[in-house]
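S.K.: Quick one: sequence plus predicted model below, questions after.
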Amino acid sequence: MYNQLLVIKKFFPIISLTFVNVIGFSLLIPVFPHIVRLYVPEQYISIVYGLLLSSYSLFQFVGAPILGALSDKHGRKPLLILSQLGTTLSWVLFGFAYLTPNIPIFGLGLPIFVIILSRIVDGVTGGNVSVANAWVSDVTTPEERTKAFGLIGATFGIGFLIGPAIGGLSASAGAGYIGTVIVAFVISLLTLLQIGFMLPESLPIEKRVKSETISYWAEINILNKFKIFRNNLAVKKLLIVRLFIGIIFSAYTTIIILFIEKSFTLDALGIGLTLSFVGMFSIFNQAFLTPKFATKIGDKKTLYIGLAIISIGLSLIPLIPTTLYYGKIINIGFILFLFNAFFMNLGISLSLPTFKALLTKSVDETKQGIITGIDESLLALGNSFTPVIAGFLYSFAGVLTFLFFSTFLLIPFIFFKIRYKSAHL
């Protein structure tokens, strides 16, 4: 217990940054479907909802590697400040959408285009996660990283526990989604101040990249950056797995909100409280189960088990009977959904921290910013097109979309078996 407290103290600045940051974006999740419904015809809701999510990720894909490389040259703190400033300004733009007249353009309300613009601004400076991961790598030994990323994952879970509830409550308080936007702006501003006054720099000047200039095209061109690690087979395999994890995770998080809204007829507050309840699973899984698995069987096996659980969990969602009641009050389908959500969360909790630990252990300390930037760029690349595809498929195939994406995890391992005669990382 004492050792755990020492670890928390060591990582407190980045833990608090993660906590406040997660609240800032998770409070919007239960509100987003209802915002889209205000300005979009019913038949296009899932597609436009996916487009909103994709617009952020597409521009994060452009911004994250640049910010990661700049942090290797100029330090982590200045780039974290720049990133958070962009997020804060994006909420100001989002607020303007509320005041914009609902003029139809191509069948969609004008405010939707303002909201998309705000997501683009946030996305361009959305390298916060990659730089924060590099900060963690700077201050940990390779042996500490699984525990550190697990602790940050638990913090993410706590933030996700609180954020959606705040979003649902703020949207249900009478002011509509502008109330949620105001809360998000205040939280983002507090995060900006916290970075400026509380977060220490983690990268000493003597360890920074000494090159005079950074080629921005080279930073965006992921395929070119792969050449840095062309002789590192472990990194190549991990990054392929990361791309597929990103696609599946993005598809799941996109359509699961639409699934619970439609299947259980929940409003913004109901969705927020549901997501907050599910957030409790992350706290337990990330703080307790993930470290035990990683210590007992190692990072690689823990990653494999986590991916298998995700695939099974996705395939079970279409089997959930959403209209099965016990009496007139207890929805058995909703209870089964919560059980499956715990199962899915366990898979995610086992996979992500161990993946990050394996990846950062596979490169030397001078390449931490580059590899975490590539990692987040691959995630953003998956997120940049997956939500639109997932929303489009969900509008036609419904819950069978989950089954479609559950098969995706087999692809990289089949590729490894054929290309390298082995499915092992």
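M.R.: Yes, it's here.

S.K.: Distance check, L314 against D375.
M.R.: As judged by Cβ to Cβ, to the nearest Å, L314 and D375 stand 22 Å apart. In this view, the C-beta of every residue, glycine as well, is placed from N, C-alpha and C.

S.K.: likewise G150?
M.R.: Where D375 is concerned, G150 sits at a distance of 17 Å (Cβ to Cβ).

S.K.: Same check on A390?
M.R.: Taken as Cβ to Cβ, the span from A390 to D375 is 21 Å.

S.K.: low-scoring stretches of the chain, by residue?
M.R.: In the predicted model of the chain, residues 1-10, 24, 126-127, 143, 157, 211-223, 225, 327, 380, 415-425 satisfy pLDDT under 70.

S.K.: got the residue ranges for the strands in it?
M.R.: For the chain, the strands defined by DSSP state E cover 104-105, 108-109, 325-326, 330-331.

S.K.: L352 contacts G153, correct?
M.R.: Yes. Between L352 and G153 a contact is recorded at 6.4 Å, counting by Cβ atoms under 8 Å.

S.K.: picking that back up, put together a markdown table for the strands of the chain, with mean neighbour count and distance to S57 on each row.
M.R.: Shown next, in a markdown table, are those (neighbours: other Cβ atoms under 10 Å; distance: least, Cβ to Cβ, whole Å):
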| stretch | mean neighbour count | distance to S57 |
| --- | --- | --- |
| strand 104-105 | 10 | 23 |
| strand 108-109 | 20 | 20 |
| strand 325-326 | 10 | 38 |
| strand 330-331 | 14 | 33 |
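
S.K.: Those strands: which one's closest to V92?
M.R.: Counting by Cβ to Cβ, V92 lies closest to strand 108-109 out of those; the figure is 19.7 Å.

S.K.: and for that closest one, what are the contacting residues?
M.R.: 38-40, 44, 48, 102-103 (Cβ atoms under 8 Å, 6 or more residues apart in numbering).

S.K.: hang on, A69 packs against K367?
M.R.: No. Using Cβ under 8 Å, A69 is not in contact with K367, being 10.5 Å away.

S.K.: So the two - more neighbours on which side?
M.R.: A69 (25 against 21; other Cβ atoms under 10 Å).

S.K.: Please tell me how far the more buried one sits from R145.
M.R.: 21 Å.

S.K.: so who does L403 touch?
M.R.: Taking Cβ under 8 Å, 6+ apart, one finds 314-315, 317-318 in contact with L403.

S.K.: Narrow the residues you listed to those in helices?
M.R.: 314-315 (DSSP state H).

S.K.: Name the member of the contacts of L403 with the most neighbours.
M.R.: L314 (26 neighbours).

S.K.: That residue contacts F405, doesn't it?
M.R.: Yes. Using Cβ under 8 Å, L314 is in contact with F405, at 5.9 Å.

S.K.: From F404, how far off is S46?
M.R.: Distance from S46 to F404, by Cβ to Cβ: 15 Å.

S.K.: Show me which of these two is the more surrounded one.
M.R.: Taking other Cβ under 10 Å, S46 and F404 do not tie; S46 has more neighbours (27 against 16).

S.K.: Not counting its neighbours along the chain, what's nearest that one?
M.R.: Closest residue to S46 apart from its sequence neighbours, by Cβ to Cβ, 6 or more residues apart in numbering: G391 at 4.1 Å.

S.K.: And V183, by the same measure?
M.R.: S170 (4.9 Å).

S.K.: was I right about that neighbour contacting T180?
M.R.: Yes. Using Cβ under 8 Å, S170 is in contact with T180, at 4.5 Å.

S.K.: any common contacting residues for these two?
M.R.: Residues touching both S170 and T180 (Cβ under 8 Å, 6+ apart): L27.

S.K.: With neighbour numbers in mind, choose between the two.
M.R.: Counted by other Cβ under 10 Å, S170 and T180 do not tie: T180 has more neighbours, with 28 against 25.

S.K.: Now do that one against V48, distance only.
M.R.: Separation of T180 from V48 (Cβ to Cβ) stands at 18 Å.

S.K.: cool, I166 as well?
M.R.: Using Cβ to Cβ, I166 is found at 24 Å from V48.

S.K.: again, but for F337
M.R.: Distance, F337 to V48, using Cβ to Cβ: 25 Å.

S.K.: Also G123?
M.R.: Taken as Cβ to Cβ, the span from G123 to V48 is 17 Å.

S.K.: out of these two, which sits in the busier spot?
M.R.: G123 (26 against 20).

S.K.: residues touching the more buried one, list them.
M.R.: Counted by Cβ under 8 Å, 6+ apart, G123 has contacts 55-63, 380.

S.K.: Apply 10 Å and report the result again.
M.R.: With contacts defined as Cβ atoms under 10 Å, 6 or more residues apart in numbering, the neighbours of G123 are 54-64, 86-87, 90, 380, 383-384.

S.K.: now E365
M.R.: With the criterion set at Cβ under 10 Å, 6+ apart, E365 makes contact with 137-138, 142, 203, 207.
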